[in-house]
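> Turn this into a structure:
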Amino acid sequence: MQRFKNVTSVDKNVNISDNKRVDSKISQINYRFKFLFVVTVINAIVFYLIYANFTAELLVNILRKLPGYNLDQDHGRNAFEIIESRGFKYESHMVITKDGFHIQMVRIVNPFNKNQTQHRPILLFHGLVSSCGVFVSNRFGHLDEYGNYIEYDEHGHANNNTEQAGNTLGFVLSARGYDVWLANYRANSYSSYHSLYTPEDDEYWKYSLDDIVQYDLTAMIDYILSHTKHSSLSFVGHSQGNTLMLALMSITDSYKDRVRPFIALAPSWTHVKLRAPISYISVLKPLFKKLRPQPFLLTPRGLEISREIMSNIASNKYLVWVVRWFVDLMIGFDPNVLRLDRVPVYFSMLPEVASSWNAIQQIDRTLGIVKQFDYGQEENMKIYGRKDAPEYDLSKINSSHIALYYSEFDSYDSLEDVNGIKEKLRYDLVDELLIREPGWDHLSFIWAKKLGELVNHKIIKLLSRYD
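Modelled structure (predicted):
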């Protein structure tokens, strides 16, 4: 029997030569991306040094007085505020990891659900430099008097989630009776507290992807199952959220039956064919290795200021294209796929903080292999009992409940790299979706205009098989 034969393909007038044209175009302007990326990083650093000496409030006030400025009602709201504004309630659950981080999960509570644990719990896990907010911010909407979740598109047209799957996954699932939990990994705005250290301490930043896998992810899963009295949960990850689950399942079988299904949106593993210009950050790896452990690029306060400035620039209809261009340059942003008017909301949430050690592992993945953190030969011998860092081996995963949803036009996770995941997995995928719509890039799996139509309805259908 041929593996992966039941692949759902969403094709919008794309033929087999399109990918070759994309590669050709990328090659032609590759040198421009290198130049623009370096210039952008330099400008960002200079800009940060300049405005760090002033107050963010002053700059924001100037931006808000410019012609074309319009403040979105969701601008600046955190996940709690967005959840309540939609008519839902929330619970905050703190889990303390074995190494002292206080990890905050946000549980969406649907007031129309008499029994919150009627369905198996679902954990939604965000990607790198992100937070739980990405799963509740796609569109504006609200619960109506009958418990139906109503969403509105950019033209103000209403969509009833009971008739067609909506775009905002957290609310779409909660409105359908699921017990939705939103993850936040260590050090981001929701999980910044540590029992012993503060962000000013070097020890605070001594964590890698391995620590998030072995401490954060396991603690969240164990807590949810204990709290809800269920034996298993569903998991939907985006980008690095999938890296974490794949890594966990490759080193232990303890979670193969506790996580059913594992749905990977924009599955991220190796980045051999990385098209996004963010790949050029690899030039900074030697610097990261030499420096003490620290936040990646900017401190938490620096990122907070950056979000405030960028989101207010994006709130101006004449300036939003500056932010759009920057995001497109870094990871991809097509205004035909993503809503330009929601950019201020999205980037009042992103980017979040990450450690330089996590960044080093991201860079190493461009070599075609995903390893545990490399401390150097001497420390590796103490920690791993070998000179080199061990590999996360996907062929050791024993789960038959994995689904991969990916795009032909993802500049961060290419088809070649996704195929690399499939080739290494021992079991058939429980579901697979290939989106061929031009412009459907990495962020489209959380913020696309047609996310409900092309992706969320597939998620709901697959989850129903496990109810």
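> what's the residue closest to the geometric middle of the protein?
What sits nearest the mean C-alpha location of the chain, by Cα atoms, centre = their mean, is Gly127, with 2.5 Å.
> what residues are up against the residue nearest to Leu217 when sequence neighbours are not counted?
Spatial nearest neighbour of Leu217, excluding adjacent residues (Cβ to Cβ, 6 or more residues apart in numbering): Leu244 at 5.2 Å. C-beta: built from backbone N, CA, C; applies to glycine. Listed by Cβ atoms under 8 Å, 6 or more residues apart in numbering, the contact partners of Leu244 are 125, 185, 209, 212-213, 216-217, 237.
> export the residues you listed to a markdown table and tack on secondary structure, neighbour count and distance to Tyr346?
Output for the contacts of Leu244, formatted as a markdown table (DSSP: H, G, I helix; E, B strand; the rest coil; neighbours: other Cβ atoms under 10 Å; distance: Cβ to Cβ, whole Å):
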| residue | secondary structure | neighbour count | distance to Tyr346 |
| --- | --- | --- | --- |
| Phe125 | strand | 27 | 18 |
| Tyr185 | coil | 31 | 19 |
| Leu209 | helix | 28 | 24 |
| Ile212 | helix | 26 | 23 |
| Val213 | helix | 23 | 27 |
| Asp216 | helix | 24 | 24 |
| Leu217 | helix | 26 | 25 |
| Gly237 | strand | 25 | 19 |
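> Tabulate those residues (a markdown table), appending pLDDT.
Output for the contacts of Leu244, formatted as a markdown table (pLDDT from 0 to 100):
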| residue | pLDDT |
| --- | --- |
| Phe125 | 98 |
| Tyr185 | 96 |
| Leu209 | 96 |
| Ile212 | 98 |
| Val213 | 98 |
| Asp216 | 98 |
| Leu217 | 98 |
| Gly237 | 98 |
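> Out of the residues you listed, flag the one nearest to Ile305.
Comparing the contacts of Leu244 against Ile305 with Cβ to Cβ picks out Tyr185 as the nearest, at 21.8 Å.
> So the closest one sits against His102, correct?
No: if you go by Cβ atoms under 8 Å, Tyr185 and His102 don't touch, sitting 11.8 Å apart.
> Look up the residues that both of these two are in contact with.
Both Tyr185 and His102 are in contact with Ser191, where contact means Cβ under 8 Å, 6+ apart.
> Let me know the helix or strand that the residue nearest to the centre of the chain is in.
Using DSSP states H and E, no element contains Gly127; it sits outside every helix and strand.
> Quick check, pLDDT for it.
Gly127 is assigned 96 on the pLDDT scale.
> that older thread, for my notes, confirm the residue nearest to Leu217 occurs in a helix.
Yes: looking at Leu244 with DSSP: H, G, I helix; E, B strand; the rest coil, it is inside a helix.
> now the strands: where do they sit in the chain?
Along the chain, counting by DSSP state E, strands occupy 8-10, 89-96, 102-109, 121-125, 140-143, 149-152, 158-160, 179-182, 233-238, 259-265, 402-407, 431-435.
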